[in-house]
Every structure is written in structure tokens, then in C-alpha cells.
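Visitor: Fold the stuff below for me.
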Amino acid sequence: MPKAARVCVRGRVQRVGFRRYVLEVGQQLGVVGWVKNLPDGSVEVFVQGPEDRVTAFLEHIRTPPPPAVVEELIVEETSPQPDLQYFRIKYGPLEEELQEGFGAMHAIFLEYWREFRGYRREFRDFRQEFRDYRQEFRDFRQEFREFAQRTEQHFTQLSKKLDQIDGKLTNVFTTLNDKLTVILETLVRESSETRQMLLEALTLLRQAVEQLLKQSKP
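Guide: Sure thing, here's the model as predicted:
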């Protein structure tokens, strides 16, 4: 036995796309019935189907998406209507439906506009933050330039000192080379003189030995 309910919905429910939302919920859950606007600004809904689906249907239409707002949901159980085969919207006169359509578009536009204004304020905050970062970047760039200048000065001074050290080392090595050359030449010369003296001493010794040998013969 299907369950049926007649629902009176009050709040911001006309000219905000609420009927379209109720229709989509009914079709998705597989219940049958209808939804229509009432002259007092409320919306009347008739829903019929398995009890669990009807309960889910009521929970969904209680919390519609913006800009619709449900302030009161009055549910009254009623007798099922066996002839219903699907869920539909009961439309009113043409002029009312035109107002409904334009009103829904206007409400949605205002909702998006309010959201856009929020993003615009957020964008302003980001723009200000970007300006702060840009100023901070300028400060870092200036600091980097000063660091580069100091580094260049230090390298210039270091290069000069290295040139001075290189010059001093060159002089030291030159002087040391000259001294080593003199020492080597002296050693070579003294070695030559010493060898000559030894040769002369050996010659004299040989002559003395030969003289002794001659004198020792009978």
C-alpha cells in the first residue's frame, strides 16, 4: 500500500526555482505526484509512493539549494490517488508562469551577484596582498643588489691581495733561485778545486814513493 502526503511549504519558495527542484527530487526518487504555486506565496505538494521514498522526498525538499529557503513544512497524510503515474508541475496562468520564470532568473542572478561580490572583496584582499609581496620583492631585490655590490667589492679587494701575494711569491722564488744557483756554482767550483788539489797531492805522493824506491836500491 503506497503512502501519500499533502505538503504545504512556506518561505522563499516562489520565483526561485523551488518547483523545478521538487520535480527533480520526485523524478530521482521514483515517486509520483505534483507541485504547484498557491496565491498566498506558498507551494503545495502532493507526493505518493513507498514509505521510505516519501520520507526521503520530504527530507530533500525541506533543505532546497539557494536561493530557495523553506521556513515551514506542514505534512498531512492523505489518501493515495491510483491514477497518478509520474511527478509533474501544475502550471498556473501564462502571466504567472512568466513572472515565475523571470523571478527565478532574477533571484539566481542576485545570488550569483552576492557570491561574486564576496569573491570581488576576496580578490581585493589578494590584490593588496600581492602589492605587499611586490613591495617585499622590491626590498629583496634592492638587498640583493647591495649584496652583489659588496660581494664584487670583496672579490676586487681579494683579487688585488692575491696579485700582491703572487708578486711577492714571484720575488721570493726569483731570489731563492738566484741563491740556489750561486750555491750550486760555488759547490761545483769548490768541488773542481778540491779534485785538482787531490790530483796534485797524489802526484806528489807518487813522486815521493818513486824517489824512496830509487834510494832503497843497492
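Visitor: Go ahead and confirm Gly49 touches Phe57.
Guide: Yes - with contact defined as Cβ atoms under 8 Å, Gly49 reaches Phe57; the gap is 7.5 Å. Where you see a C-beta, it was placed from the backbone N, CA and C, and this is true even at glycine.
Visitor: okay, and the common contacts of the two?
Guide: By Cβ atoms under 8 Å, 6 or more residues apart in numbering, Gly49 and Phe57 have these common neighbours: Leu29, Val31.
Visitor: Gly92 versus Leu98, what's the distance?
Guide: Applying Cβ to Cβ, to the nearest Å, the value for Leu98 to Gly92 is 10 Å.
Visitor: next one: Lys3
Guide: Distance of Lys3 to Gly92, computed by Cβ to Cβ: 27 Å.
Visitor: Those two: which is more packed in?
Guide: A side-by-side neighbour count of Lys3 and Gly92, using other Cβ atoms under 10 Å, places Lys3 first with 17 against 14.
Visitor: For the more buried one, give the beta-bridge partners.
Guide: Beta-bridge pairing of Lys3, defined through DSSP bridges, involves Gly49.
Visitor: I figured it hits Phe46, correct?
Guide: No - assessed by Cβ under 8 Å, Lys3 is found out of contact with Phe46, at 11.9 Å.
Visitor: per the record, what domains does this protein have?
Guide: 3-91, 93-207 (automatic domain parsing).
Visitor: So which bits of the helix or strand that Leu73 is a member of are buried?
Guide: Applying DSSP states H and E as the criterion places Leu73 in strand 69-78. Going by neighbour count (16 or more other Cβ atoms under 10 Å), the buried part of strand 69-78 is Val70, Leu73.
Visitor: Output the contacting helices and strands for that strand.
Guide: Contacts defined by 3 or more Cβ pairs under 8 Å, 6 or more residues apart in numbering; DSSP states H and E place strand 69-78 against strand 3-12, helix 51-62.
Visitor: what's the offset of the following helix or strand past it from the middle of its chain?
Guide: Counting by DSSP H and E, the element after strand 69-78 in chain order, helix or strand, is strand 87-89. The chain centroid and the centroid of strand 87-89 are separated by 49 Å under Cα atoms, centre = their mean, to the nearest Å.
Visitor: Okay, buried residues for strand 87-89 please.
Guide: By neighbour count on 16+ other Cβ under 10 Å, the buried set for strand 87-89 is Phe87, Ile89.
Visitor: what does it rub up against?
Guide: Strand 87-89 is contacted from outside by Arg19, Arg20, Leu23, Gly26, Gln27, Val31, Val32, Gly33, Trp34, Val35, Lys36, Val47, using Cβ under 8 Å, 6+ apart.
Visitor: Just list the residues touching the fourth one, thanks.
Guide: Each residue near Gly26 by Cβ under 8 Å, 6+ apart is listed here: Val32, Gly33, Val35, Val47, Phe57, Phe87.
Visitor: neighbour-wise, which of those leads?
Guide: Val47 (28 neighbours).
Visitor: Now Gln27. Nearest residue, chain neighbours left out?
Guide: Phe87 (5.6 Å; Cβ to Cβ, 6 or more residues apart in numbering).
Visitor: Arg195 versus Leu204, what's the distance?
Guide: The value you get for Leu204 to Arg195, if Cβ to Cβ is used, is 15 Å.
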